[in-house]
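Asks: What shape does this take:
(4 chains)
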Number of protein chains: 4
Amino acid sequence: MNSFGTLLRLTTFGESHGEAIGGVLDGYPSGIVIDEEFVRAEMQRRRPGQSAVTTSRNEADEVHFLSGVFEGRSTGTPIAFVIYNTNNRSGDYGNLRTAYRPSHADYVYDMKYGVRDHRGGGRSSARETAVRVCAGALAKLALQQSGISVQAYTSQVGNIVLEKPYTAYNLALTESNVVRCPDSGKAAEMEQLILSVKRDGDTVGGVVTCVVKGVPVGLGEPLYNKLSASLASAMLSINAVKGFDYGNGFEAAYGRGSQQNDIFYNNNGKIATRTNNSGGIQGGISNGNDIYFRVAFKPVATILVEQPTVTSAGDETVLQARGRHDPCVVPRAVPVVEAMAALVVLDHYMMQRARRISEKE
Amino acid sequence: MNSFGTLLRLTTFGESHGEAIGGVLDGYPSGIVIDEEFVRAEMQRRRPGQSAVTTSRNEADEVHFLSGVFEGRSTGTPIAFVIYNTNNRSGDYGNLRTAYRPSHADYVYDMKYGVRDHRGGGRSSARETAVRVCAGALAKLALQQSGISVQAYTSQVGNIVLEKPYTAYNLALTESNVVRCPDSGKAAEMEQLILSVKRDGDTVGGVVTCVVKGVPVGLGEPLYNKLSASLASAMLSINAVKGFDYGNGFEAAYGRGSQQNDIFYNNNGKIATRTNNSGGIQGGISNGNDIYFRVAFKPVATILVEQPTVTSAGDETVLQARGRHDPCVVPRAVPVVEAMAALVVLDHYMMQRARRISEKE
Amino acid sequence: MNSFGTLLRLTTFGESHGEAIGGVLDGYPSGIVIDEEFVRAEMQRRRPGQSAVTTSRNEADEVHFLSGVFEGRSTGTPIAFVIYNTNNRSGDYGNLRTAYRPSHADYVYDMKYGVRDHRGGGRSSARETAVRVCAGALAKLALQQSGISVQAYTSQVGNIVLEKPYTAYNLALTESNVVRCPDSGKAAEMEQLILSVKRDGDTVGGVVTCVVKGVPVGLGEPLYNKLSASLASAMLSINAVKGFDYGNGFEAAYGRGSQQNDIFYNNNGKIATRTNNSGGIQGGISNGNDIYFRVAFKPVATILVEQPTVTSAGDETVLQARGRHDPCVVPRAVPVVEAMAALVVLDHYMMQRARRISEKE
Amino acid sequence: MNSFGTLLRLTTFGESHGEAIGGVLDGYPSGIVIDEEFVRAEMQRRRPGQSAVTTSRNEADEVHFLSGVFEGRSTGTPIAFVIYNTNNRSGDYGNLRTAYRPSHADYVYDMKYGVRDHRGGGRSSARETAVRVCAGALAKLALQQSGISVQAYTSQVGNIVLEKPYTAYNLALTESNVVRCPDSGKAAEMEQLILSVKRDGDTVGGVVTCVVKGVPVGLGEPLYNKLSASLASAMLSINAVKGFDYGNGFEAAYGRGSQQNDIFYNNNGKIATRTNNSGGIQGGISNGNDIYFRVAFKPVATILVEQPTVTSAGDETVLQARGRHDPCVVPRAVPVVEAMAALVVLDHYMMQRARRISEKE
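Replies: Next up is the predicted model:
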């Protein structure tokens, strides 16, 4: 299905080269001031053509709200919005009607549905993530009221890796460079790597790290909608994502309980922990510490060098992509990761409010 | 919530030291022969007390089916089953009524619910995974009919790591040792490490790798219930899991598109790929190749050495766990990972059948 | 599926003549005192064999709680419970293995599932409603805290009809007679009619009217989970139910807007209406007035006189039911209707709490 | 929430006097030829301003498809569509910003959300049903392939009632008059009644009867998503609906089992029933007979005569509606009832396909 969330539910639609993409955000709380300027700014962060390290497809990605907002405030009814596809060069994709791009969804769509809009990847295009950024911006507006913030950054491009934990960086610097890396030295290296890869007609992978601050204790369902499981599902739903971990993640596999346990202490009358290896989530439920997690992206599958492949008829052929593509998806994925995190956290925030009916706040 | 799945839906219940744990598997196809011997064998693989590397709590974990099976076959109605808790030593947990175990869910449960069954972790205990193994066994029985198999193994314990891809091992050897590792040399090292850690009263983490074979092309929803996202959500819902990746996963972040793309070719009339970096999932949809993924487990939080902590009143105290605990959860987690994978794949298998109504099979 | 509700979710299981029936109530608020005596009393109201106007099958219908309750309070984790089937006379049903009972679900189950537990109707037996009554009792306990009460009564048996609106009766008299009718004169007539029908080996239909008091303004989703739609779905999910209406219901079709509109006025500073033709629900949302609705039940299909029918092989045959059956389901349906109403209202109550996050209560 | 359905899921959005209304139909099968002419014709049947018995608001109600259709066929991805609001006279509604219309949703929206688009009823306007008719038209196109048809008609307006069962009428005549009644004599009476009521500035209620033919045996879930419960929920989700019954419905309450049971017989090798009091649904599951049901509509609440009411501040006032309204909603509700029925049946059709995986069709 094309929906995400329980009480706060985003349904998205649209193909890369159809008339429009868009979404319906249902369950959004009423009475929130919708800061359209903020939404626009968030859209700019994901927009194609924003710098030399991204695709040259140039889309304004202007959001048109169709419902759910009245006199500047959310009404509690579904907020629908569309983003028209203005810079379509479908002609670039004629050869993709039958030839399957390696490591792309062309083949599986044909097998699953028996019919496929081949232009620009159709529904499988990462263009759909623009819708998530818009919905995520709305979620951020609601979370701000409760003092919750979401901030992601590029922590790896190819073999250039930020080795230190997020607390070692000034995340306010993230937007100061085109790769969205808070370490300016590493940022420069990443930028050079991406440009070099681009010159080769090739692509490169990377990692986004995300930090959510201000989440109250108690969000997350204990078993199957753990906050960690919801975040994992949200992140794996982003195109090109191959992995997710939170807290010390895959590193935890190497360690011992005596080293990794987060020891509780009394911090001036407040229960706190000495460390945060748990990444702010214990038993699937937020524990009041910062939540942090990593999301791994593969190199974009569309490359500008020739690749052998087959057609839908099974004939072997050679494919050379035309079109405009990102040499590295990670800089533009930063706001997408944030958006999905904001949607997840707001949904769980609302669910938790429903739980303890005997409690007066 | 305590349910998982869309058309095939598992709801679980029960606390570690309550009367029983159990589950209701709803939507299970009718007419499947329920091989109770197979279910029992699967339960044995997860059972506590099965070897020196696991907890000494000894539970028979006998499954009682209450409904949904008639004359040996599934009827299509909900299959409910209970597993009674027979070896409860709640006395072990008296000191946990108020003291919060570090890196455990005690504290967040208290904050979330305001009330908590503290005995043995209550609902947050990994004992709940017995229910998943039973439901997963039923899912495997249904998948067998379609030629789909699920096989997991221990690929890491602490710093002892299987470096090669799953194709380099004979997975049939997995059950030949107590750690469930198909490399007998590494298995011996892992066993020694776990026993050594156990002697220290400490615990150690690890990784389970899982392989699903025989999945037809086309399973998985394109956007928000991608097969990869469903697997991630399922795995992150298992206690102590900190990370998930599939195919070349986090490694993909280091590479280039030209190296990683899975090139299509015509394999005697069948469309196939030269490599499987995608892990059998493309754009969230199965592509007919083997599906493989990794699941990272942290070291069990309960250790037998003293740890400082606080009580629910905020008083600092020192806690020394009693009770019986696993020094490493990974060997017993192998069947749990398989179970969750089987439930996910069967659910998606059923969903895909519903999709193309104009197609006669 | 066998689940009901959104945030408060009941999953039920079990066949009439299997080992047990039961349910899992998930999402129930934590901290509620579970009054087991009250649960038992509610179960008694639905119990078979309670009077001469009900079936003579005698079941204690004792509820065993397996989870979710600790030291007398709900913990917020799933509350699972089972009711063992103790008085099974499966021998009564041997002839039903192949012969289809008219207006029963035997035939459609065979067609839907290809396999069927024929004993006592298996899953399609009204015995499943015992599970609902137990879950409904728990819902009532939570609603009581917020001053919400649910009360149903028998308003029609065959052609004996309570013509006046519910406000004309003293509903406290409902439990003073075996048919659960607050008008003692009509109650006596109804009882005579049922006994007469029973002597004929026949059955008779009827109507239950239900009133919910104390519901705050604002419960119900505006479009597809209107409070009225949720109630309709809940009521139509009860065995033998053929219709539902609320407020002036089907009568509304005869009238004019100028007569039926509920005029607002200021009742000592509180907004109120002069009439309640809307039945407490406006645009799908509770308006603070009493909610009232009707539920129509058909005569029980199992009758003790001979009926022609066919077997699964298509052979024509004659069937004479044995077994023990209700001549009129309505008196025992009263608590079932209440239970479903309580579950619906509590679910919507919880959902509404989640909606206005910017509001401090 | 603003979504409906399980595998086939309609999400709707939009306010009466906002920019547009629209919907996203997710889960629609791929490969269906989308006959836009048919969609347009269905929209015409619901369109305002189509005759003297409907509102004079004149909307073209032109549907713009934004996604999910490629080269004339459905692709299996979400079909999004918008209908722009072109004939807005918001000025008509200035007095409704604070004054609550009797028996309208104004008051409950204010209480539920704290903010409200008052223009034309905003989200609570019946204008939203245009979206349902469009989605229903798509559902009908898919059902046609399987030989399933849906046909509704006006069976009551005020005290003018079609007394005979649907089988006594030639339903092909339904569209031959403006009230959509297959009995031309009664149709003339209904038309006169509506025009007379209109002259009084008043409104009148009525009933729509719907018949679904060609449904195979086995659709519907046994307990909580019974086909009857899904239909009830769908119908009660339509504005102004006060009641639902199927088969002999509320009449069943008067009768005896011996009269009402549908006796099985062998009809030339096919299992059939002598009568169809069950309305094609047995135990919640389709039995292969025609499905038929009734939907009761109240008179439209907006009348053109003065009514006392209160403002949001609690002040008493007198309201005289301006704007353009239907004197009787029933003629235009006929295609809405059909649309909701088609969506329900297609959803269950798809679900049933998923159930019996061991069966080759």
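Asks: Near A:R199, how many other residues are there?
Replies: Residues near A:R199, counting by other Cβ atoms under 10 Å in any protein chain shown, number 9. C-beta: built from backbone N, CA, C; applies to glycine.
Asks: next one: A:G206
Replies: A:G206: 30 surrounding residues under other Cβ under 10 Å.
Asks: Check whether it really touches A:R332, as I assumed.
Replies: No: counting by Cβ atoms under 8 Å, A:G206 sits too far from A:R332 to count as a contact (11.1 Å).
Asks: ok, now which ones touch A:L96?
Replies: A:D106, A:H118, A:R119, A:L319 (Cβ atoms under 8 Å, 6 or more residues apart in numbering or on different chains).
Asks: from the residues you listed, which ones fall inside helices?
Replies: Residues of the contacts of A:L96 located in helices (DSSP state H): A:D106.
Asks: Which of the contacts of A:L96 sits closest to chain C?
Replies: Nearest to chain C among the contacts of A:L96 is A:R119, at 33.4 Å by Cβ to the nearest Cβ.
Asks: what about the nearest residue to the closest one once chain neighbours are set aside, how many neighbours?
Replies: Leaving aside its sequence neighbours, A:R119 sits nearest to A:H17 (Cβ to Cβ, 6 or more residues apart in numbering or on different chains; 3.7 Å). Residues near A:H17, counting by other Cβ under 10 Å, number 21.
Asks: A:H118 too?
Replies: Using other Cβ under 10 Å, A:H118 has 24 neighbouring residues.
Asks: Ok, the one 10 residues further on next?
Replies: Taking other Cβ under 10 Å as the neighbour definition, A:E128 ends up with a count of 25.
Asks: Three-state assignment for it, please.
Replies: Put simply, A:E128 is helix when judged by DSSP: H, G, I helix; E, B strand; the rest coil.
Asks: what's near enough to touch it?
Replies: A:T12, A:G14, A:S16, A:I21, A:N239, B:L223.
Asks: do that again at 6 Å, thanks
Replies: A:T12 (Cβ atoms under 6 Å, 6 or more residues apart in numbering or on different chains).
Asks: what's the helix or strand hosting A:M111 in contact with?
Replies: Following DSSP states H and E, one finds A:M111 within helix A:106-113. Where contact means Cβ under 6 Å, 6+ apart, the residues beyond helix A:106-113 that reach it are A:Y100, A:R116, A:S312, B:V217, B:G218, B:Q282, B:G283, B:I285, B:N287, D:S30, D:G76.
Asks: will you turn the residues you listed into TSV that also has pLDDT, distance to A:V344 and secondary structure?
Replies: Output for those, formatted as TSV (pLDDT from 0 to 100; distance: Cβ to Cβ, whole Å; DSSP: H, G, I helix; E, B strand; the rest coil):
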residue	pLDDT	distance to A:V344	secondary structure
A:Y100	93	33	coil
A:R116	87	30	coil
A:S312	91	37	coil
B:V217	96	30	coil
B:G218	96	28	coil
B:Q282	97	25	strand
B:G283	96	22	coil
B:I285	97	23	strand
B:N287	97	28	coil
D:S30	94	29	coil
D:G76	95	26	coil
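Asks: what is the mean pLDDT for stretch A:202-215?
Replies: Stretch A:202-215 comes out with an average pLDDT of 98.
Asks: Does it reach chain C?
Replies: No: applying Cβ under 6 Å from any Cβ of the partner chain, one finds stretch A:202-215 separated from chain C by no less than 13.8 Å.
Asks: How about residues contacting that stretch?
Replies: A:147-153, A:155-158, A:166, A:197, A:286, A:290-300, A:303, A:327-328, A:330, A:333-334, A:337, A:341, B:252-253, B:255-258.
Asks: and if you look at stretch A:328-339?
Replies: Residues outside stretch A:328-339 that contact it (Cβ under 6 Å, 6+ apart) are A:42, A:45-46, A:53-54, A:129, A:132-133, A:136, A:150, A:152, A:154, A:157, A:179-180, A:194, A:204, A:206, A:208, A:210, A:238, A:240, A:295, A:297, A:300.
Asks: can you rerun that using 7 Å?
Replies: Stretch A:328-339 has contacts (Cβ atoms under 7 Å, 6 or more residues apart in numbering or on different chains) with A:42, A:45-46, A:53-54, A:126, A:129, A:132-133, A:135-136, A:150-154, A:157, A:178-180, A:194, A:197, A:203-204, A:206, A:208, A:210, A:235, A:238, A:240, A:295, A:297, A:300, A:326.
Asks: Return the subset of the residues you listed lying in strands.
Replies: Within these, residues falling in strands by DSSP state E are A:V150, A:Q151, A:A152, A:Y153, A:T154, A:V157, A:G206, A:V208, A:C210, A:V295, A:F297.
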